[in-house]
Structure formats: structure tokens, C-alpha cells
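S.K.: Any chance you could fold what I've pasted below:
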Amino acid sequence: MHWVTGLPPGGNRCYNAFLVIVDIFSKTAIFLPCHKDDSAMDKALLIWNRVVSWTGIFTIISNRDHKFTSALWTNLHQLFGTKLSFSTAYHPQADCLAERMIQTLEDMVRRFCAYGLEFKYCDGFILDWCTLLPALELAYKTSIHASTNEAPAIIEKGWNLKLPQDSLMKHLVGIHPTASSFKGMLEKTRKHAIKGFRKLKDSFEGPLVIKAFHGENAFEVELSEGLSNKNPRFPVSLIKPYKSSDTEKFHLTNKVPEVIPPIKSSGIKKITKVLKERKLRTNKVREYLVRYSEPTWEDEWLAEKDLPEATKLLRGFRHTRNNNITKQYYFFRGRECEA
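M.R.: The predicted model follows:
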């Protein structure tokens, strides 16, 4: 349980604060508007009329506000049979669930009151943060919670609350022949609203089929319907091999896979390709990175004098390198000079 103050006046009674009460087990929450200068008796009556009548006697975890630690508040809850647990001074982690709920509620209010804490309907009816609290409480209770993977209303009552959109989805098809497309749009909107685009969602999309490679650092894929608005070309650093675990799709059996014998090396190193070239600064010797025909041999840097049998490969490598070198330009005293 936690109080939030510092709000502008809202509602018919000019509330300037609200009380947040969160259930540790079901994660359900109650938002109650109140006044900052309410006495301890006013706070107790608010909890008695709006909370205890629904949930009964419970254990309260709160901060060390002077109204919570007053003799009236303590004696009143002793009569109720409520256990009071106060957090340590300057240690808000003890009441972290209410603190996190306050951040969520403030973010929800901010979505509707981004350009001011009150707005008007088309007929002139004024809405403010206080008027939005019941609707925000209903939206929160029927949304999937990250820690429980269920809506708080389902854990608390055993069933989810019926919303206006449920009736709309049920009778939408009979309204108009083209309403099925709108039903699909609502389903997609609801899916994104529940799942959300959180930071911890899947880092990769797929599986996707690679259509073509563009050079050595980019590739083009066949995008699915949900990704049709994306660019189909991606860098190689974003690719990842797909490993399926769907046993029904691939009909995996208990058959022992065939063991492939290791490749035996002939012991003779035969160079098949020259990959790169470098020049050592110490002795100014040119070395070439070569690749062998045997897959068991790794690429190796060798000096030009150690490659008497690869003269033809060196000639082809230099010819390809010279064709791929782009022209460089320098600017000298405002004029362009070709290198």
C-alpha cells in the first residue's frame, strides 16, 4: 500500500492524491482517489469502505508515513485484527510491488493526459486523471501480468472479467458482410496489446528462407506477412541457423544417426586459393594467407618465397585485387586530385 501525492485537483471533490493497494499473490490492484491532508481516521474509513468489504482483514505493508505510525491508525487496526508491517527507513524495496505499480499507473495516466491532465469529449464533458482511475483499474486487472502469465482478475476470481470488446467481437460478423476483416484487425490489435513490444521479447524472427547473397556481408530473405514492410536485406551478422524442435512437423524417430567417419588427411599440403595479402613492417616481406585443399588444414600466412608452386594463384589474386581497388581522391588547396 502506498500513497501518491502532488497531483493537480481532479474530480468533483478536487482530489489531489490517490491510494494504491496491490495484492502480493494475485497482483490485482485498487486505485482510490483521496486528499493529501486527510487524517488517519479518513484513511482508515477509506480502506474499510472500499477494501475490507471486498477482501476482508489482511496484512498491510506500507512505508513509515506519520499517519501510518500514529496511535489512532495503530489502535484502529488492532481492533480490526490487521497486521501492520512497516518498511525500513530509506529502504523502499520492502514495498517494491506498490512502487512498481505506481510507475505503471503513472504511465497509463500519461498516455491519456499527455498534453494536460484533463481533456474534453466531443459533447463538452471534462475527463481528468481522477475520472480515468476506474477504467485504468479494469484495464490493468484484465491484462496479462509478466510474473504470473495470467490476468490478475483470473487469479483473484477464477474467471476473467467480461469487457465491451468481447461482445463486439462476438456480434461483429453479423453486423456487415465486410466485418470479418475488421474482426481480424481487432484480433491483431488485441494480440499486440497483450503481448506488447517489450525488450525481452524474441530477439530473432523466423525461420526465413534466404533468397540471395549480396557480396560477402549482406543477404536477402523472403519476409513473412507480418514483416512485409521491412527491408529484405540484412547484414550477415544478424543471421542465425534455425534449429527446429517441432517433433510433429519433422516426425523425429529414435533411429540412431549414421556416424560419418573422420576425413583422413593425405599429408600433402596443396594450396587451392590465396585469400589475403599483407606486408610486414619489420623486414618488409609480403605474406599471403592461403587455403589448402584438405579441410583439416587451417589457413596459413606464408611468404612469397615459400609459394613456388602457387605462382598462377598469386597472379590471379593480384589481378582480382587490382580490379577491385576503387579510386581514391584527395583535396589539395580546393582542387580534386586523383590518386
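S.K.: Strands along the stretch 101-250 of the chain, start to end?
M.R.: Secondary structure of the stretch 101-250 of the chain (DSSP state E, counting those that start in this stretch): strands at 118-120, 126-128, 209-214, 218-222, 233-235.
S.K.: Go through those and name the closest to residue 50.
M.R.: strand 126-128 (19.8 Å; Cβ to Cβ). C-beta coordinates here come from the backbone N, C-alpha and C atoms, glycine included.
S.K.: residues in contact with residue 230?
M.R.: Counting by Cβ atoms under 8 Å, 6 or more residues apart in numbering, residue 230 makes contact with residue 223.
S.K.: Quick check: phi and psi on it?
M.R.: phi -90, psi 160 (degrees, to the nearest 10).
S.K.: Could you check the pLDDT of it?
M.R.: Note for residue 230: predicted pLDDT of 77.
S.K.: swap in residue 33?
M.R.: The model's pLDDT for residue 33 equals 90.
S.K.: Let the chain start at 7 from now.
M.R.: Yes, from this point I'll number from 7; that puts the last item at residue 39.
S.K.: For it, give me its contacts.
M.R.: Contact analysis of residue 39 by Cβ under 8 Å, 6+ apart lists 16, 17, 19, 21, 23, 24, 25, 136, 139.
S.K.: List buried residues within those residues.
M.R.: The neighbour-count test (16 or more other Cβ atoms under 10 Å) applied to the contacts of residue 39 identifies 16, 21, 23, 24, 25, 136, 139 as buried.
S.K.: Looking at the contacts of residue 39, which are in strands?
M.R.: 23, 24, 25 (DSSP state E).
S.K.: For residue 42, give its distance to residue 108.
M.R.: Counting by Cβ to Cβ, to the nearest Å, the gap from residue 42 to residue 108 is 15 Å.
S.K.: out of these two, which sits in the more crowded spot?
M.R.: With neighbours defined as other Cβ atoms under 10 Å, residue 42 and residue 108 compare such that residue 108 has more, 19 against 12.
S.K.: Okay, that one and residue 287: tell me how far apart.
M.R.: Counting by Cβ to Cβ, the gap from residue 108 to residue 287 is 62 Å.
S.K.: circling back to that earlier point, I'd like the buried ones among the contacts of residue 39 as a markdown table, with pLDDT and distance to residue 46 appended.
M.R.: A markdown table is the format used below for the buried ones among the contacts of residue 39 (pLDDT from 0 to 100; distance: Cβ to Cβ, whole Å):
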| residue | pLDDT | distance to residue 46 |
| --- | --- | --- |
| 16 | 80 | 23 |
| 21 | 88 | 18 |
| 23 | 87 | 14 |
| 24 | 86 | 17 |
| 25 | 86 | 13 |
| 136 | 83 | 22 |
| 139 | 86 | 23 |
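S.K.: Among the residues you listed, which one sits closest to residue 115?
M.R.: Using Cβ to Cβ, those come closest to residue 115 at residue 139, 8.5 Å.
S.K.: That closest one: what's its closest spatial neighbour, skipping adjacent residues?
M.R.: residue 37 (4.5 Å; Cβ to Cβ, 6 or more residues apart in numbering).
S.K.: Repeat that for residue 147.
M.R.: Take residue 147 and drop its neighbours on the chain: the residue closest to it by Cβ to Cβ, 6+ apart is residue 159, 4.3 Å away.
S.K.: Tell me how many other residues surround that neighbour.
M.R.: Per other Cβ under 10 Å, the neighbour tally for residue 159 reads 18.
S.K.: still on that earlier bit, let me know the closest of the ones in strands among the contacts of residue 39 to residue 219.
M.R.: Relative to residue 219, and with distances defined as Cβ to Cβ, the nearest of those is residue 24, at 58.0 Å.
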